[in-house]
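Asks: Here is a sequence together with a model predicted from it:
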Amino acid sequence: MSFSGLFQRRRVVQMGVGLLAASALTVFAQNSYPSKPVRIVVGFSAGGTTDVVARIMAKELTQSLGQSFIIENRPGGGSNIATEVVKAADPDGYTLLFVAVTSTINQTLYPKIKFDLNRDFEAVALGAKVPNILVVHPSVPANNVKEFIEWARANDDKIAYASSGSGTSIHMAGEMFKVRTGLKTQHVPYKGSAPAVTDLIGGQVQFMFDNMPASWPHVQSGKLKALAVTTKTRSPSAPNVPTLEESGVAPFDVTSWFGLIAPKGTPKEVVDKLNLVMNQAFDKPEVKLAYEKLGAVAEKNSPKDFSNFIRQEVSTWAPVVKASGATVD
């Protein structure tokens with residue numbers, strides 16, 4: 001064999017060894033992850049819908065992958081603080097963000113935002129969609145949207161609505177409601193849905209467009225009154241509650257959603273593994289029951305599907321934010 005032939009043969013062997021090594025590393029990454037506890041950062045306080053859905057998924061990931069997936073609540077800045085924390089984390093799959101629709105709204109709402117959801121993160125999976133619901137304190141003398149608007153107009157300078165933070169879908173639903181009805185009521189932002197609902201029940205504020213899972217138990221117990229849902233169709237969990245469009249406030253279609261994302265550069269094998277477990281969880285009876293109680297809907301999806309969904313949500317909310325005139329420094 002000539003020297004050049006021997007060289008070419010050695011080169012082919014080396015390339016084959018390299019491919020085998022790369023394949024072995026991929027299999028190792030798939031099989032070894034996770035080898036230690038994983039933290040899932042949530043940008044809102046415990047007890048809100050983002051937190052509740054995140055804990056359902058964390059439990060499933062823990063059971064399926066044999067390592068603890070630990071929820072870390074980092075409220076503040078309309079979830080921007082948590083998002084920045086995860087953006088700066090090592091892209092190794094051990095720091096994840098349970099993102100909400102809020103972050104796609106924030107891309108337009110905050111003029112000096114320090115992240116881009118599609119540029120700085122890897123989409124993993126869409127976790128759930130839920131409607132928002134217009135709830136009022138029982139002292140409000142209204143049993144439907146029409147009566148509420150009439151009462152609010154007569155008391156516009158004395159009432160306020162709560163939200164889980166500036167830029168959340170709860171906030172923007174309130175702003176959209178003001179645009180559609182001409183009301184000028186005050187907005188009071190909180191660091192999460194749970195403290196906002198607490199003050200609503202206590203009468204410190206008069207109404208709220210909360211994620212349905214967080215407020216529905218209080219409606220059922222009589223602590224709050226439900227007047228309408230924000231989606232185009234009624235919720236299967238509350239079939240007797242009309243939509244805002246049915247109630248004469250149109251157009252109106254706001255849906256909250258939650259999902260898992262990771263820092264940019266997180267290995268594809270890790271992303272795919274997490275996506276697979278989440279999609280498998282949606283078929284489990286206990287998860288279906290938990291979602292049903294929340295009024296939540298699950299949709300199986302790929303990382304690419306979720307990435308495209310996030311991009312579309314940013315585009316969808318941008319004109320809504322601008323039309324509302326809402327801004328946050």
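Replies: That came through fine.

Asks: For whichever helix or strand residue 174 is part of, name the packing helices and strands.
Replies: With elements delineated by DSSP states H and E, residue 174 resides in helix 169-181, which encompasses its position. The elements that helix 169-181 packs onto, with contact taken as 3 or more CB pairs under 8 Å, 6 or more residues apart in numbering; DSSP states H and E, are helix 101-109, strand 121-136, strand 160-163, strand 186-189, strand 207-211, strand 255-263, helix 303-324. In short, each C-beta sits where N, CA and C put it, glycine included.

Asks: one more time with 10 Å
Replies: Using 3 or more CB pairs under 10 Å, 6 or more residues apart in numbering; DSSP states H and E as the contact definition, the elements that helix 169-181 packs against are helix 101-109, strand 121-136, helix 145-154, strand 160-163, strand 186-189, strand 207-211, strand 255-263, helix 303-324.

Asks: Just give me the neighbour total for residue 255.
Replies: Burial measure for residue 255: 18 neighbouring residues, criterion other CB atoms under 10 Å.

Asks: Give me the buried positions along the helix holding residue 174.
Replies: With burial defined by 16 or more other CB atoms under 10 Å, the residues of helix 169-181 counted as buried are 169-178, 181.

Asks: How about stretch 292-299?
Replies: Buried, per 16+ other CB under 10 Å, within stretch 292-299: 294-299.

Asks: just curious, which of these is nearest to residue 198?
Replies: Out of the buried residues of stretch 292-299, the one with the shortest distance to residue 198 is residue 294. That distance is 18.9 Å, counting by CB to CB.

Asks: Name the nearest residue to that closest one, sequence neighbours excluded.
Replies: Spatial nearest neighbour of residue 294, excluding adjacent residues (CB to CB, 6 or more residues apart in numbering): residue 213 at 3.6 Å.

Asks: Pairing partners for the most centrally placed residue in the chain in the sheet, please.
Replies: Centrality entry for the chain: nearest residue to the mean C-alpha point is residue 100, 1.9 Å, by CA atoms, centre = their mean. The bridge-partner assignment for residue 100, based on DSSP bridges, gives residue 258.

Asks: do the same with residue 121
Replies: Beta-bridge partners of residue 121, as defined by DSSP bridges: residue 263.

Asks: unless I'm mixing things up, it is touching residue 103, no?
Replies: Yes: the pair residue 121 and residue 103 passes the contact test of CB atoms under 10 Å, sitting 9.3 Å apart.

Asks: So, low pLDDT: which residues of this protein?
Replies: With pLDDT under 70 as the threshold, the chain has low-confidence stretches at 1-31, 329.

Asks: circling back to that earlier point, tabulate the helices and strands packed on helix 169-181 in TSV, adding columns for distance to residue 249.
Replies: Putting these into TSV (distance: least, CB to CB, whole Å) gives the following:
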stretch	distance to residue 249
helix 101-109	20
strand 121-136	9
helix 145-154	6
strand 160-163	14
strand 186-189	18
strand 207-211	12
strand 255-263	16
helix 303-324	14
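
Asks: Highest mean neighbour count out of those?
Replies: The densest packing among the helices and strands packed on helix 169-181, expressed as mean neighbour count by mean count of other CB atoms under 10 Å, is seen in strand 207-211 with a mean of 30.

Asks: Can you get me a residue count around the residue nearest to residue 294?
Replies: Other residues within reach of residue 213 by the criterion other CB under 10 Å amount to 25.

Asks: Tell me the spacing between it and residue 281.
Replies: 17 Å (CB to CB, to the nearest Å).

Asks: same question, residue 115
Replies: Residue 115 sits at a distance of 27 Å from residue 281 (criterion: CB to CB).

Asks: higher neighbour count, those two?
Replies: Here residue 115 and residue 281 are set side by side on neighbour count (other CB under 10 Å), and the busier one is residue 281, at 22 against 17.

Asks: before we move on, back to that, among the buried residues of stretch 292-299, which ones are in helices?
Replies: Using DSSP state H, residue 294 are the members of these that sit in helices.
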